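Asks: Predicted coordinates and the sequence they were generated for:
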Amino acid sequence: MGLFKRNPFGHILFLKRWMIFVFGVLTHRRYRGFNRLQIDGSEILRDLPDTNVLFISNHQTYFADVVAMFHVFNASLKGREDNINNVCYLWKPKLNIYYVAAKETMKSGLLPRVLSYAGAISVERTWRAGGKDVDVKRDVNPNDTENIRIALNDGWVITFPQGTTKPFKPIRKGTAHIIKQHKPIVVPIVIDGFRRSFDKKGLRLKKKGIFQSFVIKEPLQIDYDNETIEQIVEKIEYAIEQHPSFLKVIPLEVLEANEELNKQRSWDAY
């Protein structure tokens, strides 16, 4: 029956659609109200196929980053040009969007458990447990990689290859392995301002009037058969602007000028 149609993970699409719409309406003002989200590259999304697309992004909060992506993706697919005006774009959202998230994060409370229904692919982190790094790295759970394959075959997948919200941490090689194995179209996204706007979980608004940026880049050119894991990792680092070279020293006067520019742009983005 159409009303109870399910996705490959058993989620009822009718419930998922309403969940995305309700949470989208509730969170819209976080990106176009209390703060303003400046978007660049929305036209790139409309040229992508419906399946086997992997989005890679730097990570600043547990949930606010992903919620913003659901807004931007759906708004762009409904013809919005670099904006999320009029939340009605969520009336019939794209239902085959998934995001990779740590299993312990998605089980950390009632709200994360509910949000997982919107499209979370919960994975066990091999290098971290209980909020701390582990001395002995655990083996990758084959069910996790299989679920990512299923999600790519069904639609779009969002992943944060650093696996942490701390900036300039190493890229996890698991993302490169997924790219080589499944050969998806890889689209980089660079975000900023979320760490200043929200708390670490991305559930509580911490500060208003922050300039938030969301840049969608052209798909990466990858030789899936001949490039090594290390080469793909380095390509990811540069694409999401987390390569160590981006940590170059910036003069104080430049930082101050940028901060003043951000203050001016915070309410001039629209």
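Replies: Alright, I've got the coordinates.

Asks: All the helices of the stretch 151-270 of the chain, in order from the start?
Replies: Using DSSP state H, counting those that start in this stretch, the helices of the stretch 151-270 of the chain run over residues 173-182, 194-197, 229-239, 252-265.

Asks: roughly how far out does the second one sit from the chain middle?
Replies: The gap between the average C-alpha position of helix 194-197 and the chain average comes to 15 Å, counting by Cα atoms, centre = their mean, to the nearest Å.

Asks: can you check stretch 88-97 too?
Replies: Centre-to-centre, stretch 88-97 and its host chain are 16 Å apart (Cα atoms, centre = their mean).

Asks: hmm, who's touching it?
Replies: Applying Cβ atoms under 8 Å, 6 or more residues apart in numbering, the contact partners of stretch 88-97 are 7, 13, 16-17, 20-21, 24-25, 50-51, 69-71, 73-75, 77-78, 80, 119, 154-156, 158. For every residue, glycine as well, the C-beta is placed using N, CA and C.

Asks: same thing with stretch 26-43?
Replies: Here stretch 26-43 has contacts from 64, 67-68, 71-72, 75-76, 80-85, 87, 193, 197-198, 205, 208-218, 265-267, 269-270, using Cβ under 8 Å, 6+ apart.

Asks: from the residues you listed, which ones fall inside strands?
Replies: If you go by DSSP state E, the contacts of stretch 26-43 have 211, 212, 213, 214, 215, 216 in strands.

Asks: Among the residues you listed, show me the least confident.
Replies: pLDDT across the ones in strands among the contacts of stretch 26-43 is lowest for residue 211, at 87.

Asks: and it, how many neighbours?
Replies: Neighbour count for residue 211, taken as other Cβ atoms under 10 Å: 22.

Asks: With residue 96 instead?
Replies: As a burial measure, residue 96 scores 19 neighbours (other Cβ under 10 Å).

Asks: Show me the shaky parts of the chain.
Replies: 1-3, 108, 125-140, 248-270 (pLDDT under 70).

Asks: spatially speaking, which residue is in the middle of it?
Replies: residue 66 (4.5 Å; Cα atoms, centre = their mean).

Asks: Could you pull up the residues touching that residue?
Replies: Taking Cβ under 8 Å, 6+ apart as the test, what residue 66 contacts is 99, 101, 158.

Asks: Now residue 86: closest residue in space, sequence neighbours ignored.
Replies: residue 80 (8.0 Å; Cβ to Cβ, 6 or more residues apart in numbering).

Asks: Kindly report the same for residue 5.
Replies: The shortest distance from residue 5 to any non-neighbouring residue, by Cβ to Cβ, 6+ apart, is to residue 13 (5.1 Å).

Asks: and that neighbour, how many residues sit next to it?
Replies: Residue 13, neighbours per other Cβ under 10 Å, totals 15.
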